[in-house]
Each structure stands twice: as C-alpha cells, then as structure tokens.
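Enquirer: sharing a sequence plus its predicted fold:
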Amino acid sequence: MATETNPQVGKPQVVVQLNLMVALSADLRSQVKQAHWNVVGENFIAIHKLLDELAATLLLQVDTYAERIRALQAVPRGTAREAAKNSPLKEFPLTELDEAEAIRAVLERYEQYSGALTEAIDTCDKSEDMTTQDVFIEAQRDVDLQAYFLRSHLGKSARTARPASKPAARPASKPARAASKPAVRPAKK
Ligand SMILES: [Fe+2]
C-alpha cells in the first residue's frame, strides 16, 4: 500500500522524528535519575522527589513515542545503546551537584528537548500527519510545564532566553496554535 494514501503507514521523516524523541527522552530520563541520586543541598528531599516525577513522565513519553512508531508500522530503536548513539543531549555531569547546579543542568536539557519538539511538530505539519503532531504537542506542553517548575527553583535570575533551536515565530503560512482572538468589539446596545 502506498504510504501517501494510507495514514497508518508512517512517512519516513515522521518516523525519524519519533525515533529521535525515543532516544532523547530515554537519554534525558537517565540523566534526570542521575541528578535525582546526586543532588545535594538543604532542599534535597523536595528536589529529589521533583526529579523522580520528571523521570516518570519521561518514561511515559518514551513509551508513547515508541508505540506511535508501531502504530505507523515501523520499528522503534529503543535500547540504551541506541539512545546514547542518537540523542542530541550532552552527557550529564557524573559528580555530586549542588541544587542550583543540578537544576540548571536539567533545565538546559528540557529547553533543548522543547526546541527539538518544535522541529518535530513542524515536520508533522509538512508531512500532514496531525495525529503524530498531536503526540508531540502534548509532550511539549508537559516539557514546558516541567521546565517552568525547574526554573522556579532558581529564582528571578533564572529566566532564560528562548533556546536557539526554537524559532521565535511560526512560518507565516501557518497560523499559530494558540492564536489570539480577533479584536472585535462587542456591538453597542
Ligand atoms: Fe529514587
């Protein structure tokens, strides 16, 4: 059956993006666990628990991406070796980390993850695969929420510029997902 006519056969570029997210989220989960074990400081328990919640969400995301690949009749590359080979993230520090250091290192990777998801969302747009796009949009909503939780631990000085990989605006041909309502004034009575 031709890929073009069967929405249940994944387009190669969409499957590539899904496999990239399998690798990235599995790698990030292992890095968040590394932070969970090695963070030190007076807020240890709160941060230790937050990082475990993040790791649990990442594990669900790995599973969602991998099962979406199967639904598209392709094969996920889900082993730790594949994750290490294909993830764009740099390695996490293999030392004890003070709270702010640990949170900054994890936050930096969440921002990179969100930027990669924006690219995956745009790929789905070009490939007209709205169902996979929905998977990526939902994941990005979680990733951005968790980045906010992390950032809030760092205080006001932690507000970061948007990552370079994340476009400032969507292409003009595509309406923004969260388009504001038109400024129409209610008719006077
Ligand atoms: Fe634990």
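Expert: Here it is on my side, so go on. Numbering: from 1, shown residues only.

Enquirer: check which helices and strands the helix or strand where Gln31 lies sits against.
Expert: Assigning secondary structure by DSSP states H and E places Gln31 in helix 12-38. Applying 3 or more C-beta pairs under 8 Å, 6 or more residues apart in numbering; DSSP states H and E, one finds that helix 12-38 contacts helix 44-71, helix 80-86, helix 99-127, helix 130-152. All C-beta spots, glycine's among them, are computed from the backbone N, C-alpha and C.

Enquirer: how about 10 Å then?
Expert: helix 44-71, helix 80-86, strand 97-98, helix 99-127, helix 130-152 (3 or more C-beta pairs under 10 Å, 6 or more residues apart in numbering; DSSP states H and E).

Enquirer: of all the ones you listed, which lies closest to Gln17?
Expert: Go through the helices and strands packed on helix 12-38 one by one with C-beta to C-beta and the one that ends up closest to Gln17 is helix 99-127, at 4.1 Å.

Enquirer: now that closest one: buried residues?
Expert: Applying a neighbour-count criterion of 16 or more other C-beta atoms under 10 Å, one finds 99-118, 120-124, 127 buried in helix 99-127.

Enquirer: gap between that helix and the chain center?
Expert: 5 Å (C-alpha atoms, centre = their mean, to the nearest Å).

Enquirer: same deal with stretch 94-112?
Expert: Mean C-alpha position of stretch 94-112 versus that of the full chain (C-alpha atoms, centre = their mean) differs by 16 Å.

Enquirer: cool, and stretch 23-43?
Expert: 15 Å.

Enquirer: put the alpha carbons of that stretch into CSV.
Expert: Output in CSV follows, covering the C-alpha atoms of stretch 23-43 (Å, rounded to 0.1, in the frame of the first residue of the first chain):
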residue,chain,number,x,y,z
ALA,A,23,16.4,8.5,22.1
LEU,A,24,16.2,12.0,23.5
SER,A,25,13.6,11.2,26.2
ALA,A,26,15.2,7.9,27.2
ASP,A,27,18.6,9.6,27.5
LEU,A,28,17.0,12.5,29.4
ARG,A,29,15.2,10.1,31.8
SER,A,30,18.6,8.5,32.7
GLN,A,31,20.1,12.0,33.2
VAL,A,32,17.3,13.1,35.4
LYS,A,33,17.8,10.0,37.5
GLN,A,34,21.5,10.8,37.7
ALA,A,35,20.5,14.2,39.1
HIS,A,36,17.9,12.7,41.4
TRP,A,37,20.6,10.5,43.0
ASN,A,38,23.4,13.1,43.2
VAL,A,39,21.8,16.4,44.0
VAL,A,40,22.8,17.8,47.5
GLY,A,41,21.6,20.7,49.5
GLU,A,42,19.2,21.9,52.1
ASN,A,43,16.1,21.3,49.8
